[in-house]
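[1] Structure of the sequence below:
(one chain, ligands or ions: 1)
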Amino acid sequence: MTLIAGASPLLDRLRAVLPADRIATGSTEVAALTRDQSWLSPALAEARKQREATEGAKLGVLAAVAPRSVEELAAVVAIAAGERTPITLRGAGTSNFGLIDPSAGGLLLDLRRLTGEITVGDGFIRAPGGTILLDLERAARQHGAEVPILTTTYASATVAGWVAGGHVGLGSSNHGAVWDGIVRQVRLLTVEENPRILTLTGAEAEPVFHTFGVTGIVIEVELATAPLRRWLEVVGNFPDFGRASAFTTAISRDPRFAHRVVAAQEEEARNGLRALAPAIGTGASVLAILDGDQFDAADALAGQHGGALTPWQPWLLDGGEKPSIATLVYGHRMYWVKRLYPDASFLHIYPDPHVPDRDLTALKRQFGHALLIENKYIRSPWMARALGFTGVETLPAAVVAVRAQPGLAALIEHCDRAGIPYQNPHTHRIEDNGLFGDVAAIVELKAQGDPHDLIHRGRLAGARREP
Ligand SMILES: Cc1cc2nc3c(=O)[nH]c(=O)nc-3n(C[C@H](O)[C@H](O)[C@H](O)COP(=O)(O)OP(=O)(O)OC[C@H]3O[C@@H](n4cnc5c(N)ncnc54)[C@H](O)[C@@H]3O)c2cc1C
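    You can find the predicted model right below:
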């Protein structure tokens, strides 16, 4: 369908307040903006295909709007709220949970141009929501500091997209998840006829985290910073996965070690790690980014578990001479696993921190070669509480890839039976995600930030809706 002036009162009103280049209605352009990396989930890819067959490539979206300032954004929001037009929010579109699939047509807001000054102070960094994380980290490093957690998509992801859509990343092994005090303040623009700015400090901002933007539009984020370290990418080789995993457990739980990631990979992963061929041995491996000054101590610990560590290269923001380990772990592991097993689905699982090997071994016994495990740890008191683990702060956070046969449903069934909590990235509903037992605070903030339930309608099933 081609839209012309006068064909839609909503578009006419938008065109009256915004320069023409902020509004896109073409099918190809709008459809492209509704896509992210959700093809990584076979379930979400199939659901999208079926929707496109009935609703068309734009999934009912009338237009994509890309405001260049908070003032422009507020003008769009006021019109959308007045017309009760559903809204989909989009950052860089790097997420992989179907997060920017428009759920109810209306407008898609492309928020990447909400950029501007970055402020670095003692222990914090503050920036507009559309700021790319790489730019944020560069600014921090110029002041001898660093962002404690970086999603592996930091080269293109926005800070608002991470706070609203992500939750962990490089650094979580030491600093936890988005809920663990990393985010000091968030400013939200409300979706109302007269949009307001809500300033949420500390725990007040919690309902914004990983709830996909449903509580309001993030226009500014202030993160805590940590002192800058000299990071070294490292490959570890171990005779088998059990010992690689035991080393990962030991170094992750020892508070003397500083790391951005320590991730144990199974023997079968070798074929997917060709980028590291000169350093990868014949057994299981550990991919790590460690404080370079602690390499010798870490290598000695590896030796106690029958393994050895090899320095790969310094971790540089703009990439080193060789492929970076930063782009082979966390979410980026999905890319090389998909090359090995194109039919794989992924699940974040949280084995019992008191007996992690018991849960992982039982999984492997049940699924054999149809399952590929990465075991790593995150030091997250918030997630420990949310998942019901007591007496621990450092949790095993394994990512499991399962092939189409026996499939994701069989894996989830196994976890349910064995009592292993998981985070389900193959669902659109916040209530089904697995991390939010009680959504009352999220519902409450949504009632303030989006009282007409226009953002991602349906994602928060319990949302209240003012007429
Ligand atoms: C290969 C790969 C690796 C990944 N690795 C990690 C990882 O290590 N850690 C991790 O946490 N995630 C990871 N992700 C997921 C994703 O890349 C990150 O969470 C990223 O930070 C999302 O940022 P974005 O700008 O691309 O947001 P988008 O994908 O555009 O949006 C994400 C969510 O945030 C909402 N949103 C965007 N902007 C705003 C705003 N201004 N206000 C309110 N809501 C908004 C969107 O509606 C959506 O629900 C990975 C994904 C892939 C494909």
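[2] Distance of the closest residue to the ligand within the stretch 1-150 of the chain relative to residue 409?
    For the stretch 1-150 of the chain, the residue closest to the ligand is residue 91, as judged by CB to the nearest ligand atom, at 2.6 Å. Using the backbone N, CA and C atoms, a C-beta is placed for each residue, glycine as well. Residue 91 sits 31 Å away from residue 409, going by CB to CB, to the nearest Å.
[3] neighbour count winner among these two?
    For residue 91 versus residue 409, neighbours defined as other CB atoms under 10 Å are more numerous around residue 91 (29 against 12).
[4] Which pLDDT value belongs to the residue of the stretch 1-150 of the chain closest to the ligand?
    pLDDT for residue 91: 98.
[5] now swap in residue 173 and tell me
    98.
[6] I figured it hits residue 255, correct?
    No - with contact defined as CB atoms under 8 Å, residue 173 does not count as touching residue 255 (11.3 Å).
[7] More neighbours: these two, which one.
    residue 173 (28 against 10).
[8] show me the residues around residue 393 that make contact.
    By CB atoms under 8 Å, 6 or more residues apart in numbering, the contact list for residue 393 reads 379-381, 384.
[9] wait, which of the residues you listed is closest to the ligand?
    The nearest member of these to the ligand, counting by CB to the nearest ligand atom, is residue 380 at 12.3 Å.
[10] isn't the closest one right up against residue 171?
    No - Residue 380 is beyond contact range of residue 171, at 11.3 Å (criterion: CB under 8 Å).
[11] Residue 160: which element?
    helix 159-165 (DSSP states H and E).
[12] what's that helix packed up against?
    With contacts taken as 3 or more CB pairs under 8 Å, 6 or more residues apart in numbering; DSSP states H and E, helix 159-165 sits against helix 133-142, strand 217-224.
[13] Going C-terminal from the last one, what's the next secondary structure element?
    Once the chain leaves strand 217-224, the next helix or strand it forms, by DSSP H and E, is strand 226-227.
[14] Name the residues that touch stretch 452-464?
    80-81, 84-89, 103-104, 106, 191-192, 211-217, 428-431, 439, 442-443, 446-447, 450-451, 465-467.
[15] Let me see the mean pLDDT of that stretch.
    So the average pLDDT for stretch 452-464 ends up being 95.
[16] Could you do stretch 206-216 as well?
    Averaging pLDDT along stretch 206-216 yields 97.
[17] is it up against the ligand anywhere?
    Yes - judged by CB under 6 Å from any ligand atom, stretch 206-216 and the ligand are in contact via 212-213.
[18] Nearest residue to the residue sitting nearest the centre point of the chain in space, ignoring adjacent ones along the chain?
    The chain has residue 166 as the residue nearest its centroid, 2.6 Å off, counting by CA atoms, centre = their mean. Counting by CB to CB, 6 or more residues apart in numbering, residue 166 lies nearest to residue 151, which is 4.9 Å off, once chain neighbours are set aside.
[19] which phi and psi does that neighbour have?
    Dihedral pair for residue 151: phi -60, psi 150, per degrees, to the nearest 10.
[20] what's the answer for residue 177, then?
    Backbone torsions of residue 177, given as degrees, to the nearest 10, read phi -120, psi -180.
[21] pretty sure it contacts residue 385?
    No - with contact defined as CB under 8 Å, residue 177 and residue 385 do not form a contacting pair (11.3 Å).
[22] Who has more neighbours out of the two?
    residue 177 (24 against 13).
[23] what sits against that one?
    149, 167-168, 378, 380, 382-383.
[24] Which of these fall in helices?
    Here DSSP state H is the test, and the contacts of residue 177 give 382-383 as lying in helices.
[25] What confidence value was assigned to residue 1?
    Reported pLDDT for residue 1: 38.
[26] three-state assignment of the closest residue to residue 24 other than its chain neighbours?
    Nearest in space to residue 24, with sequence neighbours left out and distances taken as CB to CB, 6+ apart, is residue 64 at 4.6 Å. With DSSP: H, G, I helix; E, B strand; the rest coil as the basis, residue 64 sits in strand.
[27] sorry, back to before: strands - which of the contacts of residue 177 land there?
    Among the contacts of residue 177, the members falling in strands (DSSP state E) are residue 378.
[28] Looking at the contacts of residue 177, which is nearest residue 35?
    Set against residue 35, the nearest of the contacts of residue 177 by CB to CB is residue 167 (21.5 Å).
[29] For that closest one, give its distance to residue 93.
    With distances taken as CB to CB, residue 167 is found 17 Å from residue 93.
[30] And residue 326, by the same measure?
    Separation of residue 326 from residue 93 (CB to CB): 20 Å.
[31] neighbour-wise, which of these two wins?
    residue 326 (25 against 21).
[32] Skip the chain neighbours and tell me the closest residue to whichever residue of the stretch 351-467 of the chain sits closest to the ligand.
    Going by CB to the nearest ligand atom, the ligand is nearest to residue 456 of the stretch 351-467 of the chain, at 6.3 Å. In this structure, residue 456 finds its nearest non-sequential neighbour in residue 214, 5.1 Å apart by CB to CB, 6+ apart.
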